[in-house]
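**Student:** Pasting the sequence and the predicted coordinates here, then a few questions.
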Amino acid sequence: MKYPITLGMLLLTMITAKAQTLAERINAKNATLIDVRTPEEFAKGTAEGAINIPLEEIGTRWQELKGKENVVLFCRRGIRAGKAQDILKKHNIAAVNGKTVEHIKSLQKVNLADKLTFRNDKQTTYFVKDGQNVRQVAIALGEGAVLKKHTTNIPATLIMVKGTVRFLINGEEVVLKDLDTYQIPVDVEHEVIGVEKENVFIVTKGN
């Protein structure tokens, strides 16, 4: 037996289709991540791309968020984010309480395409991880771009993500393509040249 589709059912379907999980909101192109902690807390580390508007300033700076469609608030425990959410609601600004900064970071992803450009004159870089024991950097080269001669004083691993590069070392050439890995020798001078229009590799240094 078939039942007619009512207007209410149609609206419910549309709302459900538009519903987003917190992870989807955080990683959307139009996401506006607001850290409502103090500037001192913010300076110690926050989520990628987050803006600091302390809870104490939300009441006077709410207009900065006017017209934003995807605002996600967070703090240390979620309490201040909830209070900020209530303040914004009074100004007809919809925002989501993302709870804690660690929760936001655990759901956040970064697309290298948004961080790198392919230039023909030099490399562009993005630090995936920059810690005390391990440093991981993504490097992009356009066609003919050169990562000039240099050395590494600690063990390093290169992983090709996309494209092709010429790795010049000890008077020889190693051609690296998609998903190739290469262990870079310590204290040996080398340079890298992009072959295709878009070439990306990640270098990890550390033990």
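**Tutor:** Perfect, thanks for sending it. Numbering: from 1, shown residues only.

**Student:** and Thr152, what does it touch?
**Tutor:** Ile184, Val186, Asp187, Lys205 (Cβ atoms under 8 Å, 6 or more residues apart in numbering). (Glycine included, C-beta is placed from N, CA and C.)

**Student:** Next secondary structure element downstream of the one helix or strand Gln85 maps to?
**Tutor:** Secondary structure assigned from DSSP states H and E places Gln85 in helix 79-90. Sequence order places strand 95-100 as the next helix or strand after helix 79-90, per DSSP H and E.

**Student:** which is the next helix or strand following the worst-scoring helix or strand of the chain on mean pLDDT?
**Tutor:** Least confident element among the helices and strands of the chain, by mean pLDDT, DSSP states H and E: helix 7-18 (a mean of 46). Using DSSP H and E, the helix or strand that follows helix 7-18 towards the C-terminus is helix 22-27.

**Student:** Packing partners of that next one?
**Tutor:** strand 70-75, strand 95-100, helix 101-107 (3 or more Cβ pairs under 8 Å, 6 or more residues apart in numbering; DSSP states H and E).

**Student:** one more time with 10 Å
**Tutor:** Helix 22-27 is packed against strand 31-35, strand 70-75, strand 95-100, helix 101-107, with contacts defined by 3 or more Cβ pairs under 10 Å, 6 or more residues apart in numbering; DSSP states H and E.

**Student:** Tell me which of the ones you listed approaches Phe118 most closely.
**Tutor:** strand 31-35 (25.0 Å; Cβ to Cβ).

**Student:** partners of that closest one in the sheet?
**Tutor:** strand 51-52 (parallel), strand 70-75 (parallel) (DSSP bridges).

**Student:** which one of these lies closest to Arg166?
**Tutor:** Ranking the strands paired with strand 31-35 by proximity to Arg166 (Cβ to Cβ) places strand 51-52 first, at 41.0 Å.

**Student:** quick one: average pLDDT of the closest one?
**Tutor:** Across strand 51-52, the average pLDDT comes to 98.

**Student:** Following the chain past that strand, name the next helix or strand.
**Tutor:** Next element after strand 51-52 (DSSP H and E): helix 55-61.
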